[in-house]
Each structure stands twice: as structure tokens, then as C-alpha cells.
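Sequence and predicted structure, then a few things I'm wondering about:
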Amino acid sequence: MNRKLAVPLAFGECVPAGANVLKRLRILRDASEDAEEIDIMRKLAENHTRLELLREEIESDCEFNCDDEDEIELDYLKASIQLGLLEITGELEEIPCSEEIFEGILAE
């Protein structure tokens, strides 16, 4: 059984698109020798392929990502404005109104 050596995902982004990449084939042991190991290798290769497809899909859908980033930033700004308003409201409640000040002066 021949298979390509898996390239770690971290290095996949370092190689520019269309660059010459050296591919090496490796002959695995016969299935009768160690079926469990070959099963694991097959699953790893399938997972690697799925991850690559998902990564390409996410990168190609830039509009979705950009909209999400804008929405997250707007939510953050909205939350900070609401917190600021709560702080101002709390400070205003601590300041005595004119009637309380007048009553305080009369009481002295």
C-alpha cells in the first residue's frame, strides 16, 4: 500500500500556492502484518483530507469571516457603551438632588 507522507498542518500554510513541493511515497507493511496500524494510518489520512477541505472552505468564505469580525466588534462597542451608561447612572444616583442639599443645609 503506497501513501504520501503527511505534512503537518502548521507547515501547510508556509508553502506558497503553486510552489514545487517534494512528494515522497512510502510503502506500508502488508495488511496481514498489522491491520490496526494501517487502520489508524488510513483514519489519519482521511482526517487530514477533511481538515484541508474545511480550511480551504473557511478561507474561501472571506465575506462570512469579515462580517463576523465586524459584528463582534459592534457587540463589544455596544457592551462598553452600556457599561459606561450604567456607571454614569450610578454616579448620578450618588449625587444628592437639590432638595436633599437644601434639607441638609436647613438641618444644620
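Sure thing, it's come through.

so after the helix or strand hosting Glu56, what's the next helix or strand?
In the assignment (DSSP states H and E), Glu56 maps to helix 35-60. Remark: after helix 35-60, the chain's next helix or strand is helix 62-94, criterion DSSP H and E.

and the helix holding Glu56 with helix 62-94, angle?
Using axes from the mean of the first three to the mean of the last three CA atoms, to 10 degrees, the direction of helix 35-60 lies 70 degrees away from that of helix 62-94.

list the buried ones in helix 35-60?
Counting neighbours by 16 or more other CB atoms under 10 Å, one finds that the buried residues in helix 35-60 are Ile38, Met41, His48. Just so you know, the C-beta spots here come from the backbone N, C-alpha and C atoms, and that holds for glycine as well.

and it, what other elements does it pack with?
helix 9-12 (3 or more CB pairs under 8 Å, 6 or more residues apart in numbering; DSSP states H and E).

With pLDDT and distance to Ile95 as added columns, please give the buried residues of helix 35-60 in JSON lines.
Formatted as JSON lines, those follow (pLDDT from 0 to 100; distance: CB to CB, whole Å):
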{"residue": "Ile38", "pLDDT": "80", "distance to Ile95": "76"}
{"residue": "Met41", "pLDDT": "82", "distance to Ile95": "72"}
{"residue": "His48", "pLDDT": "88", "distance to Ile95": "64"}
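
Nearest to Asp75 among those?
Of all the buried residues of helix 35-60, Asp75 sits closest to His48, with 34.8 Å by CB to CB.

now the closest one: how far from Glu103?
According to CB to CB, to the nearest Å, His48 and Glu103 sit 77 Å apart.

do the same with Ile95
From Ile95 over to Glu103 the distance is 15 Å, taken as CB to CB.

Kindly report the same for Glu52.
For Glu52, the distance to Glu103 (CB to CB) stands at 75 Å.
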